[in-house]
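# After the sequence you'll find the predicted model.
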Amino acid sequence: MQGKTSKLLRATSIVALVAVPMTTAASAQDTTARSADFEEIVVTSRKRSETLQDVPFSVNAKTEEQLRNSGATGLADMARNVAGLAITDLGPGQSQIAIRGVAAGQTIRDMAGVKEQVGVYLDESPISVALFTPDVDLFDLERVEVLRGPQGTLFGAGSLSGTVRYITKAPEMNSSEAVVEAGANQVDGGGFGWSLKTAVNLPIAEDKAAIRAVAYHTKMPGFIDAVTINGREKDVNDGGKSGFRVAATFKPTENLSITPRILFQKLDTDGYPRIDVWNILGNPYTTTEPAVTLGEREQYVQLEEGLSDNFMLLDGKVEYEGDNVIFTSITSYTDREVEVVRDATQLTGSVTFDFGAPDGVRLDAPLTDTTDLKIWSQEVRLSSNNDGPLTWVLGGYYTDWKRDYGQVLDTPGWTDATGVPTQGTIGAGVDQPYWSALNIDFKQVALFGEATYAVSDRMDITGGLRWYDYDEERRLRFDGPFADPTDRTDNAGANGFAPRVILSYDTSDDVTVNAQVSKGFRLGGVNDPINLPLCSDEDKAIFGGRDQFEDESVWNYEVGAKANLGNKGSLNVAGFYTDINGLQIPVTAGSCSSRLVMNVPSARSMGVEAEFTYRPTENMDFAMGATITDAEIRSTVVDGAGNVIGAIEKGNRLPTAPKFQFNAALNYYWQFGTDYEGFISATFQHVGSVYSLVEAQADGYDTFTPRNYGGLTVSSISFDPKLPSYNIGNFRIGARRGHYEIAFFVNNLWDERAYLSLDVERGRVARVGYLTNQPRTFGVNFRSEF
């Protein structure tokens with residue numbers, strides 16, 4: 001620990017040595033005076049600019065400064081600061097988002113056909129994928145908008161329960177600007193991290209062209225230790241994230257703007273933030289194998305794990321502003337390549353044990369998942385551009401989505417150990433007991449429109465409608481003794497409508513009430529075939545023949561109020577009831593070591609959320625947010641014998657959704673010397689207990705009978721499948737002078753160990769673990785704007 005602390009001290013000294021001369025060289029100007037009035041945030045959540053308080057439904061928006069003050073560096077950090085937003089965190093680059101409790105449970109990597117419930121956009125380009133939602137770096141953003149409730153009318157199929165929008169800073173025509181951020185951090189008991197980020201804005205031709213470029217690199221510290229057959233390895237889950245973003249805006253005429261952009265981000269991790277509580281290969285109960293007792297932030301692995309994620313986005317926006325109409329076109333192309341390597345030795349070993357070959361249980365078995373994703377999308381729209389009582393937007397949308405996904409389980413020596421050949425006629429090679437290749441071709445077309453009419457000076461009514469039609473073709477190839485050898489092509493498709501109606505009324509100049517009814521939808525798809533050779537006869541009967549799953553839809557009923565508090569702040573509240581039909585629940589197919597999606601006829605989520613911001617003086621501001629959610633299944637799914645399948649039972653909770661969530665933030669500023677400003681920022685987040693899987697609520701799920709590999713001294717293993725509530729606090733103190741800022745921070749002040757999701761292999765018998773958060777972290781950041 002002493003060596004790691006010295007690393008942080010050296011890094012802090014370097015940052016300080018850079019900062020001091022630069023600060024000394026700054027002009028002796030006073031720090032910009034702060035206003036005592038509350039500054040409203042302008043958003044584009046209805047595809048037109050308006051203040052946050054003028055949007056007639058529930059929206060949260062965080063500026064870059066607010067995100068920085070809260071200690072947020074990624075999506076999971078941000079979610080804890082937004083009421084009603086929840087993240088199932090499976091590690092960097094592998095997050096799933098839920099809003100207002102509308103959630104089906106964590107989607108595993110091999111469920112390639114599952115679509116997202118929350119749409120994620122970079123400006124106006126869709127970037128969400130059900131599991132691999134890009135964890136966009138929060139540097140040089142204008143803001144992040146979270147739109148709660150179905151947004152299907154304007155944002156389409158991925159926005160069943162809401163939408164998250166990263167809004168980047170656009171090129172500015174006649175302004176030169178540069179920003180540099182450098183930081184270093186040390187995890188308590190873990191690794192050392194650092195970051196370097198820069199942004200530059202340059203005008204090219206006066207009033208005609210400008211460019212903005214962003215580049216960044218972050219070294220992510222590890223904090224999980226791995227126990228292996230050769231000893232212990234420290235901080236195995238470290239990694240790095242690098243990227244750049246370049247946008248240029250051209251204005252050939254006063255009314256026409258063209259903005260092409262390229263974004264590239266590369267994410268690499270060497271392991272996963274997983275804590276193991278049971279592993280068939282490493283546990284304290286064995287009598288014939290090496291006994292292993294794991295510490296509080298340790299896992300057992302036999303092989304190195306990791307993830308590589310290359311994400312590229314090319315997009316272009318063309319906008320022409322006429323006298324009464326604005327024409328907008330957004331074209332985007334996404335190219336994503338993801339490779340995930342997992343140590344599947346414990347999973348393969350448990351199957352090998354069942355094959356009657358205990359000597360082959362410890363054969364190395366890396367499982368490699370590869371995803372190659374290419375998405376074209378095109379949106380065109382017309383919107384009103386006048387001051388009349390009617391504002392409107394009409395548009396069309398098309399997307400062509402191709403995903404190639406495959407898995408290869410290499411297990412050298414497996415055939416010799418078991419006597420079972422692995423080579424098949426479809427793709428499996430020597431010592432590959434499992435092989436798969438999926439080719440998904442998805443196309444969707446949609447038409448949409450929304451209009452708002454001012455009935456009077458105080459009342460507005462909004463109506464919107466989206467029509468969609470999609471087709472999905474999926475070629476499925478599976479091979480090897482673990483799989484059911486398959487080579488077939490399945491098709492799915494549907495069409496429908498998603499309406500929205502909103503009524504908004506100003507009860508006074510400072511208070512607006514609103515009510516809405518809206519529909520959201522998530523498209524269905526094709527299930528993978530189950531692994532029949534591993535299935536019991538009972539599980540074949542229960543889970544066989546479920547080749548497809550249907551669309552999921554919601555009807556949302558909502559009332560809310562927004563109040564301006566005398567130019568000092570705001571208070572926004574909303575109550576909602578969401579009726580969910582055909583909820584797409586991921587289910588583990590019993591003994592088959594397979595997963596599929598089943599539609600649950602009925603579920604619902606209801607609750608209330610509130611957000612309060614206030615600036616009592618020019619030197620202080622604070623904010624609070626809270627959500628109370630009651631989300632549960634309203635129907636029971638049974639097999640032919642009347643047994644409940646996968647805990648899909650009336651009254652069970654929907655996963656991922658905490659019943660109570662609370663956050664608070666306080667910022668205080670003061671002047672010292674002649675031109676210095678000091679600041680303190682403190683944040684607190686409480687997240688209630690959750691289940692990350694519906695099936696984790698099944699009777700007896702918390703106790704299972706392990707395979708008796710290694711002469712176990714126990715006949716059952718118990719654990720808690722409910723993820724307990726947790727509290728996170730962050731603190732930041734620093735100073736500004738002119739264009740320069742230095743800040744010291746402590747994230748996770750009291751070193752809370754939070755369980756973020758449950759991670760099980762082969763229905764628990766191979767491994768049980770939890771994904772966890774980063775421990776207490778000390779750090780320093782330097783920022784310069786010029």
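On my side now, so go ahead.
# What count of nearby residues applies to residue 402?
14 (other C-beta atoms under 10 Å). Glycine gets a C-beta too; all of them are placed from N, C-alpha and C.
# Spatially central residue for this structure, please.
The centre of the chain sits closest to residue 95, judged by C-alpha atoms, centre = their mean, with a distance of 3.7 Å.
# for that residue, what are its contacts?
By C-beta atoms under 8 Å, 6 or more residues apart in numbering, the contact list for residue 95 reads 75, 76, 87, 88, 89, 133, 135.
# quick one, phi/psi of it?
The phi/psi pair for residue 95 (degrees, to the nearest 10) reads phi -120, psi 150.
# bridging residues for it?
Beta-bridge pairing for residue 95 (DSSP bridges): residue 89.
# Tell me how far stretch 678-698 lies from the chain's centre.
Put simply, stretch 678-698 sits 14 Å off its chain's centre (C-alpha atoms, centre = their mean, to the nearest Å).
# Mind checking which of the contacts of residue 95 are in helices?
Of these, the ones assigned to helices by DSSP state H are 75, 76.
# What is the neighbour count of the closest residue to residue 535 other than its chain neighbours?
Closest residue to residue 535 in three dimensions, ignoring its sequence neighbours and counting by C-beta to C-beta, 6 or more residues apart in numbering: residue 592, at 4.1 Å. Neighbours of residue 592 under the rule other C-beta under 10 Å: 25.
# Same check on residue 455?
Applying other C-beta under 10 Å, we find 12 residues neighbouring residue 455.
# Isn't residue 146 up against residue 82?
Yes: using C-beta atoms under 8 Å, residue 146 makes contact with residue 82 at a distance of 5.2 Å.
# Among the contacts of residue 95, which one sits closest to residue 532?
residue 88 (29.4 Å; C-beta to C-beta).
# The closest one and residue 691, how far apart?
In this structure, residue 88 and residue 691 are 11 Å apart, going by C-beta to C-beta, to the nearest Å.
# likewise residue 468?
Counting by C-beta to C-beta, the gap from residue 468 to residue 691 is 31 Å.
# got it, and residue 314?
39 Å.
# Of these two, which one has the most company?
residue 691 (24 against 15).
# so the nearest residue to that one once chain neighbours are set aside is in which element?
Nearest non-adjacent residue to residue 691, counting by C-beta to C-beta, 6+ apart: residue 655, 4.7 Å away. Assessed by DSSP states H and E, residue 655 sits outside every helix and strand.
# Kindly report the same for the one 10 residues further on.
Secondary structure from DSSP H and E places residue 665 in strand 660-672.
# distance between the ends of stretch 506-525?
This stretch, stretch 506-525, spans 43 Å end to end (C-alpha to C-alpha, to the nearest Å).
# Now it: buried residues?
Across stretch 506-525, burial judged by 16 or more other C-beta atoms under 10 Å covers 512-516, 518-525.
# Now the residue lying farthest from the centre of the chain: phi and psi?
The centre of the chain is farthest from one residue, residue 674, which by C-alpha atoms, centre = their mean lies 44.1 Å away. Phi and psi for residue 674, reported as degrees, to the nearest 10, are phi -100, psi -30.
# Spit out the contact partners of the closest residue to residue 349 other than its chain neighbours.
Distances taken as C-beta to C-beta, 6+ apart place residue 361 nearest to residue 349, at 3.8 Å, with adjacent residues excluded. By C-beta under 8 Å, 6+ apart, the residues touching residue 361 are 280, 281, 349, 350, 352, 353, 709.
# quick one: which of these sit in strands?
Per DSSP state E, strands hold no members of these.
# Quickly name whichever of those is closest to residue 158.
Using C-beta to C-beta, the contacts of residue 361 come closest to residue 158 at residue 350, 36.0 Å.
# burial count for that closest one?
Residues within reach of residue 350, counting by other C-beta under 10 Å, total 23.
# if I read this right, it contacts residue 765, doesn't it?
Yes: at 5.4 Å, residue 350 counts as touching residue 765 under the criterion of C-beta under 8 Å.
# Quickly list what's touching both of those two.
280, 707.
# Can you mark which positions in stretch 574-587 are buried?
Here stretch 574-587 shows 574-576, 578-587 as buried, counting by 16+ other C-beta under 10 Å.
# With stretch 189-209 instead?
Neighbour counts using 16+ other C-beta under 10 Å place 189-195, 197-203, 209 of stretch 189-209 among the buried residues.
# now swap in stretch 495-505 and tell me
Buried residues in stretch 495-505, counted by 16+ other C-beta under 10 Å: 496, 498, 499, 500, 502, 503, 504, 505.
# can you tell me how far the third one sits from residue 312?
When distance is defined by C-beta to C-beta, residue 499 is 36 Å away from residue 312.
# likewise residue 650?
45 Å.
# Now stretch 713-731: average pLDDT?
For stretch 713-731, mean pLDDT rounds to 97.
# Centre of the chain to stretch 727-747, how far?
In terms of C-alpha atoms, centre = their mean, the centre of stretch 727-747 is found 26 Å from the chain centre.
# Turn the buried residues of stretch 506-525 into TSV, including secondary structure.
Formatted as TSV, these follow (DSSP: H, G, I helix; E, B strand; the rest coil):
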residue	secondary structure
512	strand
513	strand
514	strand
515	strand
516	strand
518	strand
519	strand
520	strand
521	strand
522	strand
523	coil
524	coil
525	strand
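# Out of these, which is nearest to residue 604?
Residue 604 has its nearest neighbour among the buried residues of stretch 506-525 in residue 520, at 13.6 Å by C-beta to C-beta.
# hang on, that closest one packs against residue 163?
No: judged on C-beta under 8 Å, residue 520 makes no contact with residue 163 at a distance of 9.9 Å.
# any shared contact partners between those two?
Here residue 520 and residue 163 have residue 151 as joint contacts, going by C-beta under 8 Å, 6+ apart.
# Can you list the low-confidence ranges for this protein?
Applying pLDDT under 70 to the chain flags the ranges 1-36, 109-110, 130-131, 157.
# Now for it: which strand has the highest residue count?
Per DSSP E, the chain has its longest strand at strand 595-617.
# Can you tell me the number of residues neighbouring the closest residue to residue 705 other than its chain neighbours?
Nearest in space to residue 705, with sequence neighbours left out and distances taken as C-beta to C-beta, 6+ apart, is residue 716 at 5.7 Å. Neighbour count for residue 716, taken as other C-beta under 10 Å: 9.
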